[in-house]
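>>> Below: sequence and its predicted model.
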Amino acid sequence: MSHDTDIPVIDLAAALADDAPDDLLADVRRAAETIGIIQIVNHGVPAEVIAEFNDGFGRILDLPRAEKERLASPTGHPYRGWRQWPDDFGRLELERFNIAQYDDAAAAEAAGLSPEHATLFAHANVWPPQEPGLRAATHRYHDAFVDVARRVLGLYARVLDVPAHTIPLGDDVYTTLVVNDYPKWPHDTGTSDDEKLLLLEHADSSAITVLHQEGDYAGLQGQRPDGTWIPVPIRPGALQVFTGTLLTNWTEGRLRPGRHRVVAGGSVTRRSSAVFVHPSLDTVVEPLPAFADLDGSDFEPVSVWERASSNVDEYLRVFGRPEQVAAWRENRAYVAEVTA
């Protein structure tokens, strides 16, 4: 445990124990209410589960670009398979590999989703043939991180002095998973962090996000309540937990969404992977009775299904380049061109 820091390092097992120290619980509550980010250790995820997943995707992301291009979604789905993002000058600023919760619509229905909800998975996952064990490793990684999310939500309920079952994540969670690879950035883009952003500031739309990061520089930054930014250090074995906007809604703003961004690190690299955990697709999120303001809420109800089903169209509307939008409409692969 660390004291008097914006983003504390929390021993999760100790914090969940019946005899958890009061100062430890106070650290959790302060961070959850002010910055929306904690780092956790002693979280119970075996090191080999993380290593097997990260090493497999590391080998994929280290492949020649021509080989990775064949791992892009054949239908142009922006949240399936491999992608690369250039900046406005064509310079590579991010590579990403996205994996959906279910491989396809049939797998989603077999897992119990309704035919309507299963349409969310009509565009199939892309599994690299170079790593035949990666699918199983991904499922182990995913399940372990979802379990961490559940335990952290129980911890948050505890520090907010409400019963553990108050925050209703449920059994049938909806999740997404992404691997981010931030390349070397030797370009002269100025001295301010604001001038070398690789991932713009945002808060996740999940209930809670569990992330693992590794690399040579602390490019991930969290936003303090006063608007300033603080690095999220890379600590071997630690996981990062972000409060998403759904959890902020559930708690009527008691828990602050973890706003974050990524800045370039020059001649070194950084890789992260995250599991975004939401309640089931048929959930409508609104302030829970334990937190509701009797004078009226500032939070509108959020349908998880409506948000998930409009996610691609909204992304392309805001960020899609004309050639990417055209590929999506024509149901064909899209690979962004980069110059460096």
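Right, received. Where do you want to start?
>>> Name the residues of the longest helix seen in the chain that come out as buried.
Using DSSP state H, we find that the single longest helix of the chain is helix 134-159. For helix 134-159, the buried set under the neighbour-count rule, 16 or more other Cβ atoms under 10 Å, comprises 134, 137-138, 140-142, 144-146, 148-159. (Each C-beta comes from the backbone N, C-alpha and C, glycine too.)
>>> Give me the phi and psi for residue 181.
Main-chain torsions, residue 181, degrees, to the nearest 10: phi -130, psi 110.
>>> Quick check: bridge partners of the closest residue to residue 182 other than its chain neighbours?
Excluding the flanking residues, the one nearest residue 182 by Cβ to Cβ, 6 or more residues apart in numbering is residue 270, at 4.5 Å. Here residue 270 sits in beta bridges with residue 182, residue 215, going by DSSP bridges.
>>> where exactly do the strands run in the stretch 151-300 of the chain?
Residue ranges of the strands in the stretch 151-300 of the chain, as given by DSSP state E, counting those that start in this stretch, are 174-182, 197-202, 208-215, 220-223, 229-231, 239-243, 260-263, 270-278, 284-285.
>>> Can you say which of those is packed in most?
strand 239-243 (a mean of 25; mean count of other Cβ atoms under 10 Å).
>>> what's the angle from that one to strand 270-278?
Angle, strand 239-243 to strand 270-278, by axes from the mean of the first three to the mean of the last three Cα atoms, to 10 degrees: 40 degrees.
>>> Can you check what angle separates strand 239-243 from strand 208-215?
140 degrees.
>>> which sections of the protein are below the confidence cut-off?
The chain contains residues with pLDDT under 70 at 1-5, 188-195, 266, 340.
>>> Could I get the contacting residues of residue 60?
68, 71, 82, 97, 128, 130-131, 134 (Cβ atoms under 8 Å, 6 or more residues apart in numbering).
>>> What helix or strand is it located in?
helix 47-61 (DSSP states H and E).
>>> tell me the helices in this structure, going along the chain?
Here the chain has its helices, by DSSP H, at 12-16, 22-34, 47-61, 65-69, 105-110, 115-118, 134-159, 245-250, 304-309, 311-319, 322-329.
>>> For residue 217, which of these is the nearest?
Distance to residue 217, taken as Cβ to Cβ, is lowest for helix 47-61 among those, at 16.8 Å.
>>> Could you tell me which residues within that closest one count as buried?
Across helix 47-61, burial judged by 16+ other Cβ under 10 Å covers 49-50, 52-54, 56-57, 60-61.
>>> Residue 221: which of those is nearest?
Using Cβ to Cβ, the buried residues of helix 47-61 come closest to residue 221 at residue 54, 21.4 Å.
>>> tell me the contacts of the closest one?
Residue 54 touches 212, 214, 271, 273, counting by Cβ under 8 Å, 6+ apart.
>>> All set, thanks.
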